[in-house]
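Novice: Using only what follows, build the 3D model:
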Amino acid sequence: MSTQTTSDYRLSFRLLSLPSKAGVLSSGGEPALSPAVIDLASDEPLPELPDDSPAAEPCLTSLSDGGRSESGMFWLEGDALMCVCPDCRAPMSVRVWLMVADCWRCGTSIELTDEQEREALRLLKQRQAAQRPDLANASRGRTGDERSATPRPASETPAVRRPAVAAAPRPRRPSVPASLTESPEDRSAVSSTKRLEATYNEPRRRLARHRTPGVWLLRLLKDSPAWLTSLLIHLLVLMILALLTARRAEDANYIRLNAIVSKDVRIPGQEAIENPADEVRFDLPVPEKVDLQDRQTRETVIRADQEARELRLVDTADPNLPELERLKLEIGQADGSSVAIAARDPRVRVELIKQEGGTTLTEAAVARGLRWLAQQQQADGRWRLDGGVRSDSAATSLALLPFLGAGQTHLSGRHKDAVARGLRWLVGKQRPDGDLRADSQGNTGMYAHGQGAIVLGEAYLMTGDEALRQPAQKALDFIVQAQYPDGGWRYQPSREVAGGGQRGDTSVVGWQLMAMQSARAAKLAVPETAFELSSHFLDSVQRKDGAVYAYQPGHQPTPTMTAEALLCRIYLGWTKSDPPLMEGVRYLLDEHPPDAAKPNVYYWYYGTQTLHHVGGPEWERWNFLMRDVLVNSQEARGEAAGSWAPRGEHASAGGRLYMTSLAVCTLEVYYRHLPIFRQVDVE
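Specialist: Model prediction:
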């Protein structure tokens, strides 16, 4: 290693040797040590020190021996304060302003303790006193200004920093010795000692005395790693540059670029507004008179589309669902009542609604109505009428009809749990002879039984669940046995009427005939004589060769009884080629169309089914009026949201549940039963 020397002094390494032959004694009475000076530029090895030489002992404090401190040494070499490396024994210069020393040979770095700093400064002061007695005297007058830092505990070890070397053992952390020795030569200080004392000691003493924030800052800079100090300085510089950045003149000329590429030329400030209707795509049709340009109306339709999707969510892996392609084939080739309810499958609902005249709003009304009905179910599975009559059997059957009409069974569908609980309660209340009237009071008995028989027949037809076969068959047998001799049915079975001479009425006949039709579609045993007798009863209440019908023989025809009787005639075999059927349809449509001012949900329920089977322009006219009346009259807010308020004939007796059940069934007409007089192709 070569080292450049100056004209004033040259770097050298002072080694302690044995006492000189001259026997010179130090101030303490010990033999003086003769220095051996070696040029650092020399390639010659360092001389060996004798084992009993004081310099052969460790020069830094060691903690491995229980805290015993061994003395090392400091000495002045020109302007440099020197010490010995604790690892390789090479000379090291102490940086007085930081009180650290780095070894030029092995890279070891040591940091002086407070006690060692004071010892080093004492050595510098002695040299300064030898050079300038007046400065020494002044220093003795300011002994109270000595550095007042609290000394570290004797057991504390100063930090040692070494360069990382692969596979090299990490050296033990040494410390600079607390007691220092000095030779007579060290007291012959050069003039540079005064400069070190003035530039380092005095400012630090003033800071310590006044306890100013500068002390904290100096300590922070001293103890912080170099990378952290550099980071703080760079951040400060960047902040200053950001503050000095010149603001762009407000009136400067600049060009605004538009990243939107369009074939239309747009004038700044006159942005074109796209048609909101083009931004939304609906699976189901939107009513023709709905203005999607209106923001509120558009939001209402979007919300309705989301609600309508509830009924189309199915588990495609459900084993209870039929194979889709086979289902479409059956719907397209439907020629009998056995597949009349195949269109209830949610997977084909969109196509049926489009073809038969439904809309997004009608299907959303169905979804909201079913949601309200599900909320009214009791814990044991039953429903209750909230009107003037009492019949939990009728309420439960009426509530289950719209669920089944929407393709919801006890095996699949969004509301399968509600359907399963309702069927369980209904079957549990059935008597051994098949009677489903349960707790019915007054005139509701046979109404409740007929509606319950429809529920059991449709549930069995839709699922094929053998657990429902016997209850459905027994309910049908009870209907057959309750038929009157005139072919009709009344409030009680014929055997419960004294003499059996009571005559039936068209209203009760309609429910029993629909139950027999469902049982026949499910391939249950239905005697043909029961259908023939019911046809004879309808003959007894008809007018105008069967175009209009009355409640009982001798009564005046009414639109409600006409709509119910015409539906029965269709299931009994009448076709569009029968003049009385089409004349009765025109009577309903021309003289008694659906009117919100004249609510009658019982009439709308039967009239909608009749017109749907007939089809054609008559159905389109009826459907356009019916769907608007029902959709617009549904409750939209509060606890009753999704239901219909009881309004019109017989509504007060059945209440809100009766009104809601029939309204939902009416809006399900597009897929609840396939039209009899035409075929529907499903893509």
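
Novice: All the strands of this protein, residue numbers only.
Specialist: 12-15, 36-39, 74-77, 80-84, 91-95, 100-102, 109-111, 160-161, 542-543, 548-549 (DSSP state E).

Novice: do you know which of those strands lies nearest residue 314?
Specialist: strand 548-549 (40.2 Å; Cβ to Cβ). Every residue, glycine included, has its C-beta placed from N, CA and C.

Novice: Could you list every helix and strand in contact with that closest one?
Specialist: strand 542-543, helix 559-571 (3 or more Cβ pairs under 8 Å, 6 or more residues apart in numbering; DSSP states H and E).

Novice: what's the most buried one of these?
Specialist: With neighbours defined as mean count of other Cβ atoms under 10 Å, the helices and strands packed on strand 548-549 peak in mean count at helix 559-571, which reaches a mean of 25.

Novice: so which of the strands of the chain is the most packed in?
Specialist: Greatest burial across the strands of the chain, using mean count of other Cβ under 10 Å, falls to strand 548-549, with a mean of 25.

Novice: can you redo the strands of the chain as TSV with distance to residue 309 and mean pLDDT?
Specialist: Shown next, in TSV, are the strands of the chain (distance: least, Cβ to Cβ, whole Å; pLDDT from 0 to 100):
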stretch	distance to residue 309	mean pLDDT
strand 12-15	91	38
strand 36-39	95	51
strand 74-77	88	78
strand 80-84	85	82
strand 91-95	78	83
strand 100-102	75	83
strand 109-111	73	81
strand 160-161	70	41
strand 542-543	45	98
strand 548-549	41	98
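
Novice: Switch the helices and strands packed on strand 548-549 over to TSV; also include distance to residue 527.
Specialist: Shown next, in TSV, are the helices and strands packed on strand 548-549 (distance: least, Cβ to Cβ, whole Å):
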stretch	distance to residue 527
strand 542-543	23
helix 559-571	16
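
Novice: Would you tell me which of the ones you listed gets closest to residue 234?
Specialist: Taking the helices and strands packed on strand 548-549 one by one with Cβ to Cβ, helix 559-571 is closest: 88.7 Å.

Novice: and the closest one, average pLDDT?
Specialist: Averaged across helix 559-571, the pLDDT comes to 98.

Novice: swap in stretch 600-607?
Specialist: Mean pLDDT, stretch 600-607: 98.

Novice: Identify the residues contacting that stretch?
Specialist: Applying Cβ atoms under 8 Å, 6 or more residues apart in numbering, the set of residues contacting stretch 600-607 from outside is 510, 559-560, 563-564, 567, 588, 592, 594, 622, 626, 629-630, 644, 648-651, 659, 662-663, 665-666.

Novice: ChimeraX command for the buried members of the residues you listed?
Specialist: In ChimeraX syntax, the buried subset of those is picked out as below (16 or more other Cβ atoms under 10 Å):
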select :510,559,560,563,564,567,588,592,594,622,626,629,630,644,650,651,659,662,663,665,666
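
Novice: Okay, and which of the contacts of stretch 600-607 map to helices?
Specialist: 510, 559-560, 563-564, 567, 588, 622, 626, 629-630, 651, 659, 662-663, 665-666 (DSSP state H).

Novice: which one of the strands of the chain lies closest to residue 432?
Specialist: Of all these, strand 548-549 comes closest under Cβ to Cβ, at 35.6 Å.

Novice: Neighbouring strands of that closest one in the sheet, and parallel or not?
Specialist: If you go by DSSP bridges, strand 548-549 pairs up with strand 542-543 (antiparallel).

Novice: who's in contact with the partner strand?
Specialist: 548-550, 557, 565, 580.

Novice: Export those to CSV and append columns for distance to residue 444.
Specialist: Shown next, in CSV, are those (distance: Cβ to Cβ, whole Å):
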residue, distance to residue 444
548, 27
549, 22
550, 22
557, 25
565, 21
580, 32
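
Novice: closest to residue 299 out of the helices and strands packed on strand 548-549?
Specialist: helix 559-571 (36.7 Å).

Novice: just checking, what packs against the closest one?
Specialist: Helix 559-571 packs on helix 506-521, helix 528-541, strand 548-549, helix 579-591, helix 601-614, going by 3+ Cβ pairs under 8 Å, 6+ apart.
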